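>>> Here you go, sequence then predicted model.
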Amino acid sequence: MRDIPFTVEVEEPSAQVAQRPAPSGAAEGPAGAPAAKAPGPAALAKPLTVAELTRHIRQLLEEQFQTVTVEGEVSNARRPGSGHLYFQLKDESAQIRCVMFRNAAQSLRFELEDGMQVRVRARLTVYEARGEYQLQVLTLDPQGTGALQIAFEQLKRRLEAEGLFARERKRALPYLPRRIGIVTSPTGAAVRDILHVLQRRFPGMPVLIHPARVQGEGAAEEVAEGIAVLNRLAAAQKIDVIIVGRGGGSIEDLWAFNEEVVARAIHASRVPIVSAVGHEVDFTIADFVADVRAPTPSAAAEIVVPPKAELLNTVIAFRGQLGRRFAEGLKRRVERREGLRARLGAPESAIRQTRLRAADLRERLDAAGALRLARGHERLAQARGKLHALRPDRLTPMHRTAARSLHRRLGPALRRHVARLRERLDAQAGLLDSLSPLTVLKRGYGVVLDAAGRALTTIRGVAPGDALRVRLQDGTLDAEVNQVHPKPPDRSP
Amino acid sequence: MAAVTFEEALKRLEEAVRKLEDGSLGLEESLKAFEEGIHWSRQCHSRLSDAERRVEVLLKTEKDELQQVAFDLEEEE
C-alpha cells in the first residue's frame, strides 16, 4: 500500500526526465555520469542562471538516485506540529538531511529517537529554493531491535513514568465476584479456556462477555471499548471483575494489548482488571497496567474465583460450629443454674444457724446485764446502809454522850487559850505605842498637813496664803502661810 | 443486604461463631449472635447455590443497542 504513491511519484519525474535526451544518459548509472557533463561545456559558452543549474542538478540527482536504501544513525530528530518528521542520518564521516512526511511517519509504531540505528528507503530530492538536497524517507526500520520491541519499551517507559503501573493503585480482586466480565474474542481459545475453568471451579458463576477482536487493525480499540462498556454495565450487572485477554501468538498477534488505548482503558476502569494475554512468557503493556496479571487465560479464571466446593464446606462448617457453640452455651447455663440452685440450699440452713446464734447471744447478753445489775444493786444497798447509819436522827445515845463530854472539855481549854492571846496582845500594843507618832507629839512635836490632809515634809509646793493644819498632841490648828523661807543652799550639809 | 459481599457475610458468620465460643456472652447476646450467624450462613449459602446463571455475550443490535444473549460454547467443540 505504502509503496504505491511512492511509485507513482517516482515514476512521473523519471518519465519526464527520460524524455530529455541528455540526462537520460545519466540514468544508466554512474558510468553515464561523465556523459551528463556533456551539456556543461556548452553551458560554459553561455552562463547558466542559478535556477537552470539547480534544475540540472535536481534532475541529475533525482534520476540517479530514484530510490535508495541507506543505513545510519538518527540525529536531531524532531517532529513539529505539521506531523512531518525531520532528522539527519549520519555515520562517522557524513550526514544527510532526511524528511519523512506525515503520511509515512504515521505508520511508524515507535517514536524516532536520536542515536537509533535505522535503515531507510528513500528518494533523493533537491529543494531548489535553497539549493539543498535531502532524503524523502518512505519507510524506516530500526536495526537490531525490532520496531515493535522499541515501541513496547517506549510506551512502557512513558506509562511507567506517568504512574500507570504504580503498585499502590492496584486494586484487590473481590473474594467472590457476583459476576465476571470478559473482554476477548468470542471464538478464540481464551474464552473457551476461561469458561471451562470457571465451570469446573465455580459452576453457575454468571459471566458476561464483551466480544472484541484481539488482533489486527482496530483490535486495540475494540478491546478498550469492551472494557469501557463493561464498566458502564458494572453496577447494574454486578460485574465485580473483568478479565481482558487472548490466547498465545506472536508479538504482532498480541500487539493490541501493547497499545496505549488499551492501557488507558484498563487504567480508567473502576472494576478491577485481570489481564490474561498469551502464554506465561508474554508480557504486554496491559499486564503492567492491570490490577492482576494472569499468566494465561485459564489461570485468570482460577484467580478470579475460589473453588465453590471449598467455600461451601467452609460455610457448612461454620454453620455447624454456630449451632454447637450455641447449644454448648445453653448447656453451660443450665448446668450453672443447677449448681447455683444446689448451693442455694445451704444459705437457708445458714440463716437458721444465724438466727439460733443470735438468740444465744441475746440470752448471754441478758444474763451478763442481769449480773451487772445485781452487783450494782448490791453496791447501792451497801452504800445506802452506810449512809443510813450516819443519819443524825439515827445517832445512838452512845454517840450523844460522847459529844457532850467533848463539849464539856472544850470550855476551860478555850478560856485558857484566850487569856494567853490577850497577854500577847497587850505586850504587842505597848511596843506599838512606843513607836506611835502620837507619843512624839506628846514630846512637843507637831505634824503639818496641807489642805488635802497630807503631811508636809518640805517647803516645796507651799506658797504664802496656803491654808495648813497643824496637828498637836491634843488637837489641831488651822493656819495660813505668811512667807516661805527656804534654807540657804550653801549651808546645806 | 445485597451490598454485603460473600466475603463479608462469611466474616460475620465467623465472628458469630467466635463470639459464641468465647462464652462470655449473656443469654440474650448469645441468642442474638446465634441468630446473626444463621442469617449470614444463609446469605453465604444462597450466594453459593444461586440458581445456575447463564454465560451471556453482548451483541450490538441494528439500532446500535447492546443486547445480552446466551453464549453457547458447544459449537466450538
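Received, thanks. Predicted, not measured: the structure shown is a model, and the values here were computed from it.

>>> For the stretch 351-493 of chain A, which segments count as helices?
With helices called from DSSP state H, counting those that start in this stretch, the stretch 351-493 of chain A shows them at A:397-435, A:437-442.

>>> could you give me the average pLDDT of the shortest one?
With pLDDT averaged residue by residue, helix A:437-442 scores 71.

>>> again with stretch A:318-325
Mean pLDDT, computed over stretch A:318-325, is 88.

>>> near chain B, anything from it?
Yes - applying CB under 8 Å from any CB of the partner chain, one finds stretch A:318-325 touching chain B at A:318-319, A:321-323, A:325. The way it works is simple: take the backbone N, C-alpha and C, and place the C-beta from them, glycine included.

>>> What is the neighbour count of the closest residue to residue A:459 other than its chain neighbours?
Excluding its sequence neighbours, the residue lying closest to residue A:459 (CB to CB, 6 or more residues apart in numbering or on different chains) is residue A:484, at 5.4 Å. By other CB atoms under 10 Å in any protein chain shown, the residues close to residue A:484 number 12.

>>> same deal with residue A:86?
Applying other CB under 10 Å, I find that residue A:86 has 18 neighbouring residues.

>>> Next one: residue A:336, what pLDDT does it get?
Value for residue A:336, per-residue pLDDT: 84.

>>> meant to ask about residue B:64, not that
Listed pLDDT for residue B:64 reads 79.

>>> Also residue A:232?
Reported pLDDT for residue A:232: 95.

>>> what about the strand or helix carrying it, distance to the chain center?
Here residue A:232, judged by DSSP states H and E, is contained in helix A:219-237. Distance of helix A:219-237 from the chain centroid (CA atoms, centre = their mean, to the nearest Å) equals 37 Å.

>>> The residues of stretch A:318-325 next to chain B in helices, which ones?
A:318-319, A:321-323, A:325 (DSSP state H).

>>> give the contact list for the residue nearest to the spatial centre of chain B.
When CA atoms, centre = their mean is applied to chain B, the residue found nearest the centroid is residue B:47 (2.7 Å). Going by CB atoms under 8 Å, 6 or more residues apart in numbering or on different chains, residue B:47 touches A:176, B:6, B:9.

>>> At which residues are the helices of the stretch 151-300 of chain A located?
A:189-201, A:219-237, A:260-268, A:285-289, A:297-304.

>>> These into CSV, with extra columns for distance to chain B?
As requested, those are exported to CSV (distance: least, CB to the nearest CB, whole Å):
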stretch, distance to chain B
helix A:189-201, 6
helix A:219-237, 7
helix A:260-268, 16
helix A:285-289, 20
helix A:297-304, 12
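
>>> Columns mean neighbour count on top of the ones you listed, output as a markdown table?
Formatted as a markdown table, those follow (neighbours: other CB atoms under 10 Å in any protein chain shown):
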| stretch | mean neighbour count |
| --- | --- |
| helix A:189-201 | 20 |
| helix A:219-237 | 19 |
| helix A:260-268 | 20 |
| helix A:285-289 | 25 |
| helix A:297-304 | 24 |
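
>>> picking that back up, just among the ones in helices among the residues of stretch A:318-325 next to chain B, which is most surrounded?
In terms of neighbours by other CB under 10 Å, these top out with residue A:322 at 25 neighbours.

>>> pretty sure that residue is touching residue B:35, no?
No - Residue A:322 is beyond contact range of residue B:35, at 9.9 Å (criterion: CB atoms under 8 Å).

>>> distance of residue A:477 from residue A:461?
Per CB to CB, to the nearest Å, residue A:477 is found 20 Å from residue A:461.

>>> Quick check: pLDDT value at residue A:330.
At residue A:330, pLDDT is 83.

>>> Wait, a helix at it?
Yes - the assignment for residue A:330 is a helix, going by DSSP: H, G, I helix; E, B strand; the rest coil.

>>> What's the local residue count around it?
Residue A:330: 14 neighbours (other CB under 10 Å).

>>> coming back round to it: centre of the chain versus the helix or strand harbouring the residue nearest to the centre of chain B, how much separation?
Counting by DSSP H and E, the element that carries residue B:47 is helix B:27-48. Taking CA atoms, centre = their mean, one finds helix B:27-48 lying 14 Å from the centre of the chain it belongs to.

>>> List the buried residues of it.
B:30, B:33-34, B:36-38, B:40-41, B:43-45, B:47-48 (16 or more other CB atoms under 10 Å in any protein chain shown).

>>> tell me the secondary structure for the residue lying farthest from the centre of chain B?
Seen from the C-alpha centroid of chain B, the residue lying at the greatest distance (CA atoms, centre = their mean) is residue B:62, 36.2 Å away. Per three-state DSSP, the secondary structure class of residue B:62 is coil.

>>> Can you pull out the low-pLDDT segments for chain B?
B:1-3, B:50-53, B:73-77 (pLDDT under 70).

>>> Residue A:123: what secondary structure?
Look at residue A:123: counting by three-state DSSP, its state is strand.

>>> Also the one 3 residues further on?
Classification of residue A:126 using three-state DSSP returns strand.

>>> count of neighbours near the residue lying closest to it once chain neighbours are set aside?
Distances taken as CB to CB, 6+ apart place residue A:58 nearest to residue A:126, at 3.8 Å, with adjacent residues excluded. Using other CB under 10 Å, residue A:58 is surrounded by 19 other residues.

>>> now residue A:177
23.

>>> wouldn't it be in contact with residue A:240 here?
Yes - the pair residue A:177 / residue A:240 is scored as a contact, 3.6 Å apart, by CB under 8 Å.

>>> neighbouring contacts of stretch A:251-260?
With CB under 8 Å, 6+ apart as the criterion, stretch A:251-260 contacts A:146, A:148-149, A:151-152, A:155, A:159, A:213-216, A:219-220, A:223, A:244-246, A:248, A:262, A:275, A:277-278, A:282, A:284-287.

>>> Just the ones of the residues you listed in strands?
Of the contacts of stretch A:251-260, the ones assigned to strands by DSSP state E are A:244-246, A:275, A:277.

>>> Need those in JSON lines (columns: neighbour count).
As requested, the ones in strands among the contacts of stretch A:251-260 are exported to JSON lines (neighbours: other CB under 10 Å):
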{"residue": "A:244", "neighbour count": "34"}
{"residue": "A:245", "neighbour count": "33"}
{"residue": "A:246", "neighbour count": "29"}
{"residue": "A:275", "neighbour count": "26"}
{"residue": "A:277", "neighbour count": "32"}
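
>>> And those residues, which two are furthest apart?
Greatest spatial distance in the ones in strands among the contacts of stretch A:251-260: A:246 and A:275, 10.1 Å, computed using CB to CB.

>>> Residue A:174 contacts residue B:7, doesn't it?
Yes - using CB under 8 Å, residue A:174 is in contact with residue B:7, at 7.4 Å.

>>> rewinding a little: going by distance to residue B:72, which of the contacts of residue B:47 wins?
Nearest to residue B:72 among the contacts of residue B:47, with distances taken as CB to CB, is residue A:176, at 25.5 Å.

>>> Next, the contact list for that closest one, please.
A:305-306, A:311, B:5-7, B:47.

>>> Return the closest of the residues you listed with respect to residue A:236.
residue B:5 (17.3 Å).

>>> and that closest one, how many neighbours?
By other CB under 10 Å, the residues close to residue B:5 number 17.

>>> Enumerate every residue touching it.
Under the criterion of CB under 8 Å, 6+ apart, the neighbours of residue B:5 are A:174-176.

>>> Please report how far it lies from residue A:453.
Going from residue B:5 to residue A:453 by CB to CB gives 130 Å.

>>> cool, residue A:190 as well?
Taken as CB to CB, the span from residue A:190 to residue A:453 is 153 Å.
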